[in-house]
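Q: need a structure here:
(one chain, ligands or ions: 2)
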Amino acid sequence: MAAGTFTLKWGILATGGIAKTFCKDLLIDPTTRNANDVRHKIVAAASSSSQARAQQFLTALGVNNAKAYGTYENLVKDDDVDIIYIATPHSHHYQNARLCLEAGKNVLIEKPITVNAQQAEILVQIAKEKGLFLMEAVWTRFFPLAKQIRELVASGKLGKVERVWADLSFWNDVEEEFGTGHRMVNLDLAGGALLDLGIYSLTWIFQILYHTLPPSQRSAPAIASTMSKYEATGCDEQTSILLSFPGGAQGVATTSIRVSHSSSSDVPPVRIQGTHGDIHVHAPIYRPTSYTLIPAQNEKRGKIASWEFKEVKEEVPGGGHGMFWEADECARCVRDGRVESEGMPWEETVSVMKVMDEVRRQGGLVYLGGLESLEYPLDV
Ligand SMILES: NC(=O)C1=CN([C@@H]2O[C@H](COP(=O)(O)OP(=O)(O)OC[C@H]3O[C@@H](n4cnc5c(N)ncnc54)[C@H](OP(=O)(O)O)[C@@H]3O)[C@@H](O)[C@H]2O)C=CC1
Ligand SMILES: O=C1OC[C@@H](O)[C@H](O)[C@H]1O
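A: Numbers count the residues shown, from 1 in each chain. Ligands and ions are numbered 1, 2, ... in the order given. The predicted structure is shown next:
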């Protein structure tokens, strides 16, 4: 290990699908991605089901010498844990994050940070007051190609970016795959296309049309949207959003759990359109490993851009999924005493949540049973 390497000690809250994927990435040697300054150690995991399940989770990952807890409450009391990764369904994020923050733990919390913007604001306030690191796990933003695309846009290479189209949808057989209980469609778990997938469409629009501006110039967009519901549960199965940013740039964000683009088609799921050219980001947009740079041209003016067509590809190194880049960002922030990440700032997390609040208001999608409550503790 290089001298001065910082090791971040993780506690994992919940043992479902994404917790496993995230932990596998934590276990990959960071030097395989040229990260020589930080390392990760899983020191504990907790399952709300049982201590045995937490132990099985750790054993399956090949993690020895980590503690297995049968309650989340016990995990947050563990003095060895520097940061907690929250990987529960959306419905539980606010309560789980309050538990961790109130216990003085740094937190990385799966997307969406909470069910609504007010809940997110409260988490931010607590993190600020307690000097704790808090970040929504929008891992997409920490991919090298996402950073590269933001830099290209900020450099002015595309001219003025006037429009971003972004879609994240899947051709699910909704009845067969999800039924009514699955977290994707279950209202009790704050399911629905918008909060689960549409957040990625909004992520691309925000990281281009909002994040590339200096913080003082970032302003909320006007919002028009439409939503179709899955009859069996009442969650949204298809949502389309038009965003209009001050200055005239427009975003078109779509999401569906019934129809999709084909990953092998020529239609790119993200199109960033500037006066000098486009960037097409190829699927999957939550895990960007390729994009195409296309110079603007037309019959009258010929080629407008001064640069050439280019295809860029970068596989995820180390056999990983790509979640380790956000983990590295957490390690650097905690090491340096930074409570928020520049890549996913608190203010932007809240702005995206406000857009989703308004889209749900326009579509008449309300989560009941205390899921939208600010009260803590509350059994949801
Ligand atoms: N970044 C990404 O690419 C992805 C992110 N996600 C996000 O991760 C989160 C979890 O998704 P995923 O891992 O797929 O979900 P899973 O259903 O696979 O796992 C969720 C886990 O949460 C715990 N849990 C606590 N309370 C409940 C409850 N009432 N019902 C169900 N589970 C409960 C359980 O763990 P235990 O019993 O151990 O407590 C369960 O295993 C969501 O916020 C989702 O949006 C999901 C997929 C991909
Ligand atoms: O976050 C996510 O990204 C990838 C999808 O497969 C998954 O359903 C979603 O939760």
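
Q: Any chance of the backbone angles for the closest residue to residue 86 other than its chain neighbours?
A: The shortest distance from residue 86 to any non-neighbouring residue, by Cβ to Cβ, 6 or more residues apart in numbering, is to residue 109 (4.3 Å). (Glycine included, C-beta is placed from N, CA and C.) Reported as degrees, to the nearest 10, the phi and psi values for residue 109 are phi -120, psi 130.

Q: Residue 109 against residue 132, yeah?
A: No. Contact criterion Cβ atoms under 8 Å: residue 109 and residue 132 do not qualify, at 11.9 Å.

Q: Who has more neighbours out of those two?
A: residue 109 (26 against 20; other Cβ atoms under 10 Å).

Q: mind checking pLDDT for that one?
A: Looking at residue 109, its pLDDT is 98.

Q: if I pick it, what's in contact with it?
A: Counting by Cβ atoms under 8 Å, 6 or more residues apart in numbering, residue 109 touches 85-86, 93, 96-97, 123, 134-137.

Q: gap between the residue nearest to residue 86 and ligand 1?
A: Using Cβ to the nearest ligand atom, to the nearest Å, one gets 8 Å for the distance from residue 109 to ligand 1.

Q: Restrict whichever strand or helix holds residue 254 to CA atoms and write it as CSV.
A: Assessed by DSSP states H and E, residue 254 sits inside strand 250-256. Provided in CSV are the C-alpha atoms of strand 250-256 (Å, rounded to 0.1, in the frame of the first residue of the first chain):
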residue,chain,number,x,y,z
GLN,A,250,-34.5,22.7,-22.8
GLY,A,251,-34.4,19.2,-21.4
VAL,A,252,-36.6,16.3,-22.4
ALA,A,253,-36.5,13.5,-19.8
THR,A,254,-38.4,10.3,-20.4
THR,A,255,-38.8,7.0,-18.5
SER,A,256,-40.9,3.8,-18.9
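
Q: So what touches the next helix or strand along the chain from it?
A: Following strand 250-256 in sequence order, the next helix or strand is strand 270-274 (DSSP H and E). Residues outside strand 270-274 that contact it (Cβ under 8 Å, 6+ apart): 149, 153, 157-167, 204, 208, 278-281, 285, 296.

Q: circling back: among the contacts of residue 109, which are in strands?
A: In this view, the contacts of residue 109 that belong to strands under DSSP state E are 85-86, 134-136.

Q: So what does the residue lying closest to residue 160 once chain neighbours are set aside have for phi and psi?
A: In this structure, residue 160 finds its nearest non-sequential neighbour in residue 275, 4.9 Å apart by Cβ to Cβ, 6+ apart. Here is the backbone geometry of residue 275 (degrees, to the nearest 10): phi -70, psi -20.

Q: Residue 275 against residue 157, yeah?
A: No. Using Cβ under 8 Å, residue 275 makes no contact with residue 157, being 10.9 Å away.
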